[in-house]
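Undergrad: fold the following.
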Amino acid sequence: MKYEAVIGLEVHAQLQTNTKIFCRCETRFGEEANTRTCPVCIGMPGVLPMLNKKAVEYIVKTGLATHCTVSPYSRFARKNYFYPDLPKGYQISQYELPVCERGYVEIVVDGKIKRIGLTRIHLEEDAGKNLHQAESGASLVDLNRAGTPLMEIVSEPDIRTAEEASEYLKKLRSILRYIEVSDADMEKGNFRCDANVSIRPVGSTEFGTRAEVKNVNSFKYVQKALEYEIKRQAQILDEGGKVIQETRLFDSSKGVTFSMRSKEEAHDYRYFPEPDLVPIVVAKETVAEIAKTIPELPDAKRDRFVKDYGVPEYDADMLTQSRALAAYFEESVRLSGQPKVVSNWMMGELMRLLNGEGKEIEDCPIRPDRLAGMIKMINDGVISTKIAKTVFEEMYKTGKDAETVVQEQGLVQVSDSGAIEQIIADVIKANPSQAADYKAGKEKLFGFFVGQVMKASKGKANPDLVNQLLKKKLSE
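TA: Numbering: from 1, shown residues only. The predicted model follows:
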């Protein structure tokens, strides 16, 4: 590797409050344009903002969950720029005195833990939404989103690869959902990422010229955008050129970034203290009370799963991606008493079916008690593991329990030694040359006979009994 990437991410997460940050308009979207607005959020002259207390509590909670220092004193600033979806001509944000500073998030890459520093987490209001009509050429503005409370979470430039960036975003999203301050839904724009990326020669300590890639809305696209941008900048330097400081957009259909505008500096926004809002003062007692509401977080839960349930670290990491997924696992284990078996079914068949339909665990049609019930049927020898996969898929499709599916489809495992011996005899009789070769020393043919017996029984024969009886019969 000739160059090393230096990446810092700015994440905007929409807070899960009932009302906007500076007015009482509901944060409910998907409705008719400009119906969730009032004089405050559409920027009418003379109106005064009033801070949403819940937004402050949520950012403090986020700061504590990410090991930040919560400032006892912070204040808002005006970020001045003109854009049609910003009716006041400025955005109320925070500049030199944010609510939270100097935290970190830990990620696992290639089996190693890496700490990504957080520079700051601050509050700000969202802008509206521009709607461009291709047919008429007109541009419309919907201000329903204007004034929605956002947290901007700014990382240190500690990320070195596109993979690390993707893992950091996944972990950050998981934390926000665990503490229930944001649904962090990327498809709805509630969790948006701007990536600052530059490259430098390996071994260098100086930063290169960075480009900012704006508003990438999925983990996959963040990774692809960064991979492309790193290659683009490396090619420029290899050809003797200079990387330009600019803002770029990612075209997901082509897999490329393209120039949007020159990159602004802080002084371009003419920040100054917001005169219509008093500073935010957070008492130590308030911080202590909020700290009590923080649940067991992903890292602690992952370590506990490894220690208490004996599952591999990879499994534990996947099973703790969300509180709901972890709760499903623990309830299934409580009812079945088999952590690794539950983990295997969840990591394999269950996630395959959910991912295939784009569903979350909350929408899973198989309840933990029914998964535990199916596992019990396997342990009791009623069904084999192979048959269980068919049963599981039918349970997922219909919502029925395993016992009902097995009875309706006649999937009970055959454990009658007499019936299995008859099938074995028929298989050996139908394959005399293979039987002779096995007896002559070609032991690998044993697997062939097992397969033929299972096929003849339509997968219902007890595999352990098949192996036992078949070995005995072939040695006669």
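Undergrad: show me the strands in the stretch 51-200 of the chain, by range?
TA: In order along the chain, the stretch 51-200 of the chain carries the following strands (DSSP state E, counting those that start in this stretch): 69-70, 73-74, 77-80, 90-93, 100-109, 112-125, 129-132, 139-142, 149-155, 191-201.
Undergrad: quick check: which of those strands is nearest to residue 223?
TA: Comparing these by their distance to residue 223 (C-beta to C-beta), the top pick is strand 191-201, with 10.1 Å. The C-beta positions use only the backbone N, C-alpha and C, and glycine is treated the same way.
Undergrad: how about the CA coordinates for the next helix or strand after that closest one, as PDB?
TA: Following the chain from strand 191-201 toward its C-terminal end, the next helix or strand by DSSP states H and E is strand 211-216. As requested, the backbone C-alpha atoms of strand 211-216 are provided in PDB (Å, rounded to 0.1, in the frame of the first residue of the first chain):
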ATOM      1  CA  ALA A 211     -13.000  15.800   0.100                       C
ATOM      2  CA  GLU A 212     -16.400  15.600   1.700                       C
ATOM      3  CA  VAL A 213     -18.900  13.000   0.400                       C
ATOM      4  CA  LYS A 214     -22.400  14.200   1.400                       C
ATOM      5  CA  ASN A 215     -25.500  12.400   2.500                       C
ATOM      6  CA  VAL A 216     -24.800   8.700   1.900                       C
END
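Undergrad: give the buried residues for the very next helix or strand once past strand 211-216.
TA: Scanning the chain past strand 211-216 towards its C-terminal end, the next helix or strand to appear is helix 219-238 (assignment: DSSP H and E). For helix 219-238, the neighbour count (16 or more other C-beta atoms under 10 Å) marks 219, 221-230, 232-234, 237 as buried.
Undergrad: contacts for helix 219-238, please.
TA: Among residues not part of helix 219-238, those counted as contacts by C-beta atoms under 8 Å, 6 or more residues apart in numbering are 2-3, 5, 7, 162-163, 165-166, 169-170, 186, 193, 195, 197-199, 208, 211, 213, 216, 242-243, 248, 250, 252, 255-257.
Undergrad: ok, and the closest non-adjacent residue to residue 29?
TA: Nearest-residue entry for residue 29: residue 144, 5.9 Å, with adjacent residues in sequence omitted and distances by C-beta to C-beta, 6 or more residues apart in numbering.
Undergrad: quick one, what contacts that neighbour?
TA: For residue 144, counting by C-beta under 8 Å, 6+ apart, the contacting residues are 29, 31, 33-37, 128-129.
Undergrad: and residue 71, by the same measure?
TA: Shown here is residue 71, whose contacts under the criterion C-beta under 8 Å, 6+ apart are 97-101, 282.
Undergrad: where does pLDDT dip in the stretch 251-400 of the chain?
TA: The model of the stretch 251-400 of the chain has pLDDT under 70 over residues 263-266.
Undergrad: what sits closest to the residue nearest the centre of the chain if chain neighbours are left out?
TA: Within the chain, one residue has its C-alpha closest to the average C-alpha position: by C-alpha atoms, centre = their mean, that is residue 170, at 4.5 Å. Counting by C-beta to C-beta, 6+ apart, residue 219 is the residue found nearest to residue 170 once chain neighbours are left out, at 6.0 Å.
Undergrad: what is the end-to-end distance of stretch 135-146?
TA: In stretch 135-146, first residue to last residue: 26 Å (C-alpha to C-alpha, to the nearest Å).
Undergrad: can you count the residues close to residue 300?
TA: Per other C-beta atoms under 10 Å, the neighbour tally for residue 300 reads 11.
Undergrad: and whatever helix or strand it lives in, what does it pack against?
TA: In this assignment (DSSP H and E), residue 300 forms part of helix 298-304. Based on contacts counted as 3 or more C-beta pairs under 8 Å, 6 or more residues apart in numbering; DSSP states H and E, the elements that helix 298-304 packs against are helix 162-178, helix 313-319.
Undergrad: give the buried residues for that helix.
TA: Of the residues in helix 298-304, those buried by neighbour count under the rule 16+ other C-beta under 10 Å are 298-299, 301-302.
Undergrad: then stretch 352-360?
TA: For stretch 352-360, the neighbour count (16+ other C-beta under 10 Å) marks 353-354 as buried.
Undergrad: and what of stretch 21-36?
TA: Neighbour-count burial for stretch 21-36 flags 21-23, 25, 27, 36 (criterion: 16+ other C-beta under 10 Å).
Undergrad: let me know the closest of the residues you listed to residue 435.
TA: Nearest to residue 435 out of these is residue 27 (C-beta to C-beta; 73.1 Å).
Undergrad: check contacts around the closest residue to residue 349 other than its chain neighbours.
TA: Computed as C-beta to C-beta, 6+ apart, the closest residue to residue 349 that is not its neighbour in sequence is residue 392, at 5.3 Å. Under the criterion of C-beta under 8 Å, 6+ apart, the contact partners of residue 392 comprise 345, 349-350, 366, 374, 402.
Undergrad: residue 63 now?
TA: With C-beta under 8 Å, 6+ apart as the criterion, the residues that contact residue 63 are 69-70, 99-100, 103, 121.
Undergrad: for residue 9, see how far away the nearest residue to it once chain neighbours are set aside is.
TA: Distances taken as C-beta to C-beta, 6+ apart put residue 100 closest to residue 63, at 3.2 Å, once the chain neighbours are dropped. As judged by C-beta to C-beta, to the nearest Å, residue 100 and residue 9 stand 16 Å apart.
Undergrad: repeat that for residue 152.
TA: Taken as C-beta to C-beta, the span from residue 152 to residue 9 is 11 Å.
Undergrad: quick one, which of the two is more surrounded?
TA: residue 9 (27 against 19).
Undergrad: check which helix or strand that one maps to.
TA: Assessed by DSSP H and E, residue 9 sits inside strand 3-14.
Undergrad: what sits against the spatially closest residue to residue 175 that is not a sequence neighbour?
TA: If the residues on either side of it in the chain are set aside, residue 175 comes closest to residue 65, at 5.4 Å by C-beta to C-beta, 6+ apart. In this structure, residue 65 makes contact with 175, 178-179, 294, 297, judged by C-beta under 8 Å, 6+ apart.
Undergrad: returning to what we had before: quick one: which of the buried residues of helix 219-238 is nearest residue 321?
TA: For residue 321, the nearest member of these is residue 219. The distance, counting by C-beta to C-beta, is 11.8 Å.
Undergrad: the nearest residue to residue 463 once chain neighbours are set aside: neighbour count?
TA: Take residue 463 and drop its neighbours on the chain: the residue closest to it by C-beta to C-beta, 6+ apart is residue 384, 5.7 Å away. Applying other C-beta under 10 Å, we find 25 other residues in the vicinity of residue 384.
Undergrad: also residue 367?
TA: Applying other C-beta under 10 Å, we find 16 other residues in the vicinity of residue 367.
Undergrad: cool, residue 282 as well?
TA: Under the neighbour criterion other C-beta under 10 Å, residue 282 is assigned a count of 20.
Undergrad: ok, it touching residue 60?
TA: Yes. Taking contact to mean C-beta atoms under 8 Å, the distance of 6.1 Å between residue 282 and residue 60 places them in contact.
Undergrad: identify the contacts common to these two.
TA: Overlap between the neighbourhoods of residue 282 and residue 60 consists of 70, 99, taking contacts as C-beta under 8 Å, 6+ apart.
Undergrad: closest one to residue 76 out of the contacts of residue 65, please.
TA: Within the set of those, residue 179 lies nearest residue 76; the separation is 23.3 Å, counting by C-beta to C-beta.
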